[in-house]
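1. what follows is a predicted protein model with its sequence.
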Amino acid sequence: MLVCTSSSGVFILSFFSCKGEKVPIPNVRQEELMIVDDGLRLRAYDGQFELAFDWYQDPDVIYLIDGNRNPYSLKRIQRMYEYLAERGEVYFIEVWEQERWLPIGDVTFWQEDLPIVIGNVAYRGQGIGRKVISALVERGRLLGYHQLAVQEIFDFNQASRRMFEAIGFYQTVPKEKGWAYALDLSLPLAKIQPSQFYLSQNKLDKISIDFEAGEMSPLPIKRLDGKIFFTDGHSRAFKAYCVGLSDIPVYFDGDELNWDFYRYCVQACEKMGIFSIADLQNRILSQSDYQIQWLDWCKKECRKFGSS
C-alpha cells in the first residue's frame, strides 16, 4: 500500500499489476478505500446496490441526473452501477457518523466523466462533493492524466456547476440541456501566457528541482478573457523550459485575487511581445533591478486597482 500526501489531504492508494483481471483502468486495481479526511472516505463499490435505493427515489436527485423525476427501480440502479463499473472506479461516499461509517452517496472516477450524487439530503450543501471531486482530481494526477472531463452538467443544476467550476473545471462543448466540462492537469508551456515581464536571476539560482524525477509541483493558472496565464511560478516555469519540458503540471488558482490588475499585467506583457515563458529568456534581472523594474512597478500600478 502506498500512502500519498497531496495538497488536498491524505489519500490511501495502491497500484497493482492486474494481468488477467478485469479492471476499468488498465493495470490499476481500484483501491478499497480512499481517505479524504478524518470524517470522509470513499469505499469501493462492492455490488451492494440496494444501499442506494432511497437516494434514487428522491425526485430532486433524479431531476438533476436525468432531467425528469421518475424514481429508479432496484434493477435500474443495479444496471447503472454495472455500467459505471465497466468504465471507471465506482465508490460509495461515506461519512463518520455516530461511531460508524454511513454511506451518503456515490461517485465514479472515470477520465471521461465524474458523476457524483449526494443522496442523503442531510449532507448536501456541506462541501462534501467538492472534497470528493478534489480527491479524485489528485488521483488523476497520480495516474498521469493530462485532463479530466465531465460529460454534461445541466444548466439548471446550479449547485453542481458552482462546485465543479470552483475546482477549476471549465465549459467546453454545449449539450442538449447544459455543457460538457473539462479540467486541465497539465498544459503545454507554450500555451500559458506570463503575467509578469521580468525574472529574477537570484530567484532562478535558488530553484532546485529534479525534473527527471518528476519533482515539479503543479503551477497555478487562471482562465480569463479567453486566455490561460500564470498567476505565480514564473521562475519554476522558466526552469522547466530551460531543461526542455514541453508540458508542465498545472492547477486552477481559486484564490480571490485582484483579477483586474492581473488582466492589466497580461496586457502589459502582450504589448512587450511576451506571449510565452520562452519570451522571458532575455528579461532576467539582478535582484536590485528586479526590485525596481518589476516589484516596485507592481506596487505603483496596483494602486490604480484598489490594491497595495
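-> Noted; the coordinates are in hand.

2. from now on I want contacts and neighbour counts done on CA atoms only, so please keep to that.
-> Noted.

3. show me what the helix or strand encompassing Val150 is packed against.
-> Applying DSSP states H and E as the criterion places Val150 in strand 147-154. Packing contacts for strand 147-154, counted by 3 or more C-alpha pairs under 8 Å, 6 or more residues apart in numbering; DSSP states H and E, involve strand 178-184.

4. now the longest helix along the chain against strand 178-184, angle please.
-> Ordering each helix of the chain by length in residues (DSSP state H) puts helix 128-142 first. Angle of helix 128-142 versus strand 178-184, following axes from the mean of the first three to the mean of the last three C-alpha atoms, to 10 degrees, is 50 degrees.

5. and helix 128-142, how far from the chain's centre?
-> Remark: helix 128-142 is offset 7 Å from the chain centroid, using C-alpha atoms, centre = their mean, to the nearest Å.

6. where do the helices sit along this protein?
-> Going by DSSP H, the chain shows helices at 59-66, 74-85, 128-142, 158-167, 201-206, 234-242, 259-271, 287-290, 296-302.

7. can you point out the buried residues in the shortest one?
-> I take that to be helix 287-290. Across helix 287-290, burial judged by 16 or more other C-alpha atoms under 10 Å covers Tyr290.

8. same check, this time on stretch 39-59
-> For stretch 39-59, a neighbour-count test (16+ other C-alpha under 10 Å) marks 40-45, 49, 52-53, 55-59 as buried.

9. can you give me the neighbour number for Cys242?
-> When neighbours are defined as other C-alpha atoms under 10 Å, Cys242 has 13 of them.

10. how close does it get to Arg236?
-> Going from Cys242 to Arg236 by C-alpha to C-alpha, to the nearest Å gives 10 Å.

11. over to Trp96?
-> Taking C-alpha to C-alpha, one finds Trp96 at 40 Å from Arg236.

12. for Val121, same thing?
-> According to C-alpha to C-alpha, Val121 and Arg236 sit 44 Å apart.

13. same question for Leu74.
-> Distance from Leu74 to Arg236, by C-alpha to C-alpha: 52 Å.

14. please identify which of those two sits among more neighbours.
-> Arg236 (19 against 16).

15. show the pLDDT at the most centrally placed residue in the chain.
-> Here the mean C-alpha position of the chain is nearest to the C-alpha of Val137 (C-alpha atoms, centre = their mean), at a distance of 4.8 Å. Looking at Val137, its pLDDT is 97.

16. for the residue nearest to it when sequence neighbours are not counted, list each beta-bridge partner.
-> Of all residues not flanking Val137 in the chain, Leu148 sits nearest, at 7.7 Å (C-alpha to C-alpha, 6 or more residues apart in numbering). Applying DSSP bridges to Leu148 gives these bridge partners: Leu183.

17. isn't Leu148 right up against Ala180?
-> No. Leu148 is beyond contact range of Ala180, at 11.1 Å (criterion: C-alpha atoms under 8 Å).

18. domains for this structure, by residue range?
-> The chain breaks down into these structural domains: 2-184, 187-305 (assignment by automatic domain parsing).

19. now the stretch 101-250 of the chain, which segments are flagged as low pLDDT?
-> The model of the stretch 101-250 of the chain has no residue with pLDDT under 70.

20. hmm, back to that, of all the helices of the chain, which lies closest to Arg100?
-> helix 128-142 (17.4 Å; C-alpha to C-alpha).

21. which ones are touching Gln293?
-> Tyr198 (C-alpha atoms under 8 Å, 6 or more residues apart in numbering).

22. distance of it from Leu102?
-> From Gln293 across to Leu102, the span is 57 Å (C-alpha to C-alpha).

23. for Asp232, same thing?
-> 40 Å.

24. correct me, but Arg124 touches Val117?
-> No. Between Arg124 and Val117 there is no contact under C-alpha under 8 Å: 9.5 Å.

25. more crowded one of these two?
-> Using other C-alpha under 10 Å as the criterion, Arg124 and Val117 rank with Val117 on top: 21 against 14.

26. how close does that one sit to Tyr198?
-> Per C-alpha to C-alpha, Val117 is found 46 Å from Tyr198.
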